[in-house]
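Colleague: Have a look; sequence and predicted model below, questions after that.
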Amino acid sequence: KNALQAVFRDSVARNFGDIGDARLSTSLKVKYYNPLGSIAIVRSSRDWCEMLWQAITFVREVKGRPTICRVLSVNSMPRTSIRAALPILRSRIGKLREAVQKRSVVKTKELDAEAAAFELELHGLDP
């Protein structure tokens, strides 16, 4: 989470200068990150949401790994962010489950346990 937040903050500073960095310094926070599903829920103030969106689009690398960031949903409530993230996570976990069954790398029960843990973690974000 912290590395992703630092990358987003760096992108804001690089693309919008010190003023952009100052505007988002107090409100930018990565609330949830799931590396398996490649999903993050990021919080910022409503006033500077578009600036953050643009900065996220310019991110090309996280921890030395090539990355393409897309903003899939912009919501005002954490609940709606979670509702937008769950189908994406379920879809990706389903694809992983199919790949696992083909290769027999990991037991399916372990993957199901991971999927359940992700959903519980996402629901735990709801204030």
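Modeller: Great, that's in hand.

Colleague: what about Thr26, which SS state?
Modeller: coil (DSSP: H, G, I helix; E, B strand; the rest coil).

Colleague: Not counting its neighbours along the chain, what's nearest it?
Modeller: Distances taken as C-beta to C-beta, 6 or more residues apart in numbering place Ser45 nearest to Thr26, at 7.9 Å, with adjacent residues excluded. The C-beta positions use only the backbone N, C-alpha and C, and glycine is treated the same way.

Colleague: just the strands in this structure please.
Modeller: Applying DSSP state E to the chain gives strands spanning 29-34, 39-43, 61-62, 65-66.

Colleague: and of these, who's closest to Gln54?
Modeller: In terms of C-beta to C-beta, the element of these nearest to Gln54 is strand 39-43, at 13.1 Å.

Colleague: Please name the strands paired to that closest one in the sheet, noting orientation.
Modeller: strand 29-34 (antiparallel) (DSSP bridges).

Colleague: centre of the chain versus stretch 31-42, how much separation?
Modeller: Here stretch 31-42 is found 3 Å from its chain centre; the criterion is C-alpha atoms, centre = their mean, to the nearest Å.

Colleague: And stretch 82-101, by the same measure?
Modeller: 14 Å.

Colleague: sorry, back to before: with respect to burial, which of the strands of the chain scores highest?
Modeller: Counting by mean count of other C-beta atoms under 10 Å, strand 39-43 has the highest mean neighbour count of those, with a mean of 18.
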